[in-house]
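[1] sequence? don't have it. structure:
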């Protein structure tokens, strides 16, 4: 009889579950472990999205460069049907004279036309801004919204363009023509997370 009683007691001891204290301690340990894991995973998830944003920024900058560099070098180049570039010394006398059919490049950079669809030379884009937060601002060269699969491709993006003279590639030219033989186009793109990327490209006077 005592043997049977001992076996029954052993079975009850083996089959008992967790106590309340053990359960609470387990929950606390699990919560700490889960918090630690999430703290490692969250930054990784953010960084995994960064390359996608950077690729989109690069594509955006390249599309803007393609649009800008396809325009004339300067408002005064080949103006009014002329076949002469600005700062082109036709008779090689070291002077730019209107009487010789020569004309200087623009002294002030910026848009002579009011809207993007009328821009016809590189420096018209100086201080031009595309900003997703400005309604109707972020469009392509045709004024169309940039959409992919029904979603705005550049949601949260901003692009700011600056144009400056950045010559000296042709040292044989006299100043100021030497400094005006090329224009540098800088595109500053701000990503949705606030990071900034700058892209640059040169356009020579041809």
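    Thanks, I have it. Nothing here was measured: the structure is a model prediction, and the numbers come from that model. Residues are numbered from 1 along each chain as shown.
[2] Work out for me the element residue 59 sits within.
    helix 20-69 (DSSP states H and E).
[3] Go ahead and measure how far that helix is from the middle of the chain.
    20 Å (C-alpha atoms, centre = their mean, to the nearest Å).
[4] which parts of the helix or strand following that helix are buried?
    Downstream of helix 20-69, the first helix or strand assigned by DSSP H and E is strand 129-131. Buried residues in strand 129-131, counted by 16 or more other C-beta atoms under 10 Å: residue 130. (Each C-beta comes from the backbone N, C-alpha and C, glycine too.)
[5] What helices and strands are in contact with strand 129-131?
    When contacts are defined as 3 or more C-beta pairs under 8 Å, 6 or more residues apart in numbering; DSSP states H and E, strand 129-131 packs onto strand 158-165.
[6] tell me the angle the strand it packs on makes with helix 20-69.
    In terms of direction (axes from the mean of the first three to the mean of the last three C-alpha atoms, to 10 degrees), strand 158-165 departs from helix 20-69 by 40 degrees.
[7] Now strand 158-165: buried residues?
    Applying 16+ other C-beta under 10 Å to strand 158-165 flags 158, 159, 160, 161, 162, 163, 165 as buried.
[8] Make sure the fifth one is actually in contact with residue 126.
    Yes - applying C-beta atoms under 8 Å, one finds residue 162 in contact with residue 126, separated by 6.1 Å.
[9] Model confidence at the nearest residue to residue 196 once chain neighbours are set aside, what's the number?
    Excluding the flanking residues, the one nearest residue 196 by C-beta to C-beta, 6 or more residues apart in numbering is residue 190, at 5.3 Å. For residue 190, the model assigns a pLDDT of 95.
[10] Many thanks, we can stop here.
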